[in-house]
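Participant: predicted model follows, preceded by the sequence.
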Amino acid sequence: MQEKLKVLVTGASRGIGRGICERLAADHYEVIGIARTRPDDWPEQLAFHSADLSNPDAIKKVLARVTDTGPCYGLVNNVGFVPTGTLEQVDMHDLQRAVALNIEVSILCAQALLPGMKALGMGRIINISSRAALGKQGRTLYSMAKAGLIGMTRTWALELAEHGITVNVIAPGPIATEFFQEVNDAQSASTQKLLQGIPVGRIGQPQDVAHAAAYFIDPRCGFVTGQTHYVCGGITIGAA
């Protein structure tokens, strides 16, 4: 029996991260999830490491345990932080946390897993950005961090192509997750306007993003790199 390809997913406990883990496990990858807290209903057959991903030392310890068991073929950088507020309300503490959870974790995970990918002669890195990278009111720090992921992805794609490693971005639009509910008041006029403006007529689900991740992670998807794929129900068409 062929050995399963190992894929690490950060921010795995809920929402998009959880959906990606479940989809990749169903597609017969060996999935390893990392998040602050292991959910009570986490599948027993899937590995899980609890860690405070805002703490670089904690991240490095977990990554050492992951790589000690052999090389990872895939990495999904999903963990993030969604600070809200207008420009006048931007807090520098939130700025540092946004960089730590959206950017620094992604770099640390990629650095740790790259030697294994290079040894395999192939690899897949997927960075989860957001439609907000194109601009969204009240999201100065979030749009900054998510746009930064897109820029890093294009650079990594150029650097790693010769090693058979692809690097791509998935940028979700409105997705029905705990994060979305926390930062979007369901009763507000702005949220209602956003949802009513989705061309396909519904809010996205974590499974919609997971399907895109399954495409990019596939070993057969070796000729696509440095790309940003919007999973947004058409909301990005003609609008920022």
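Facilitator: Thanks, I have the structure now. Residues are numbered from 1 along each chain as shown.
Participant: quick one: the strands in this structure?
Facilitator: 6-10, 30-35, 47-50, 74-77, 123-128, 165-172, 228-231 (DSSP state E).
Participant: and the ones you listed as CSV, adding mean pLDDT?
Facilitator: Converted to CSV, the strands of the chain look like this (pLDDT from 0 to 100):
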stretch, mean pLDDT
strand 6-10, 98
strand 30-35, 97
strand 47-50, 96
strand 74-77, 98
strand 123-128, 98
strand 165-172, 98
strand 228-231, 98
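Participant: ranking these by burial, who's on top?
Facilitator: strand 74-77 (a mean of 28; mean count of other C-beta atoms under 10 Å). In this view, the C-beta of every residue, glycine as well, is placed from N, C-alpha and C.
Participant: report all helices and strands that that strand contacts.
Facilitator: strand 6-10, helix 15-26, helix 105-120, strand 123-128, helix 206-217 (3 or more C-beta pairs under 8 Å, 6 or more residues apart in numbering; DSSP states H and E).
Participant: give the contact list for the closest residue to T191 other than its chain neighbours.
Facilitator: Spatial nearest neighbour of T191, excluding adjacent residues (C-beta to C-beta, 6 or more residues apart in numbering): N184 at 4.6 Å. Counting by C-beta atoms under 8 Å, 6 or more residues apart in numbering, N184 touches P174, S190, T191, L194.
Participant: farthest pair in these?
Facilitator: P174 and S190 (11.8 Å; C-beta to C-beta).
Participant: that older thread, need the strands of the chain in CSV with distance to A98, can you?
Facilitator: Output for the strands of the chain, formatted as CSV (distance: least, C-beta to C-beta, whole Å):
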stretch, distance to A98
strand 6-10, 15
strand 30-35, 18
strand 47-50, 22
strand 74-77, 14
strand 123-128, 14
strand 165-172, 16
strand 228-231, 19
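Participant: with respect to L149, which of the ones you listed lies nearest?
Facilitator: Here strand 123-128 is closest among those (C-beta to C-beta), at 4.6 Å.
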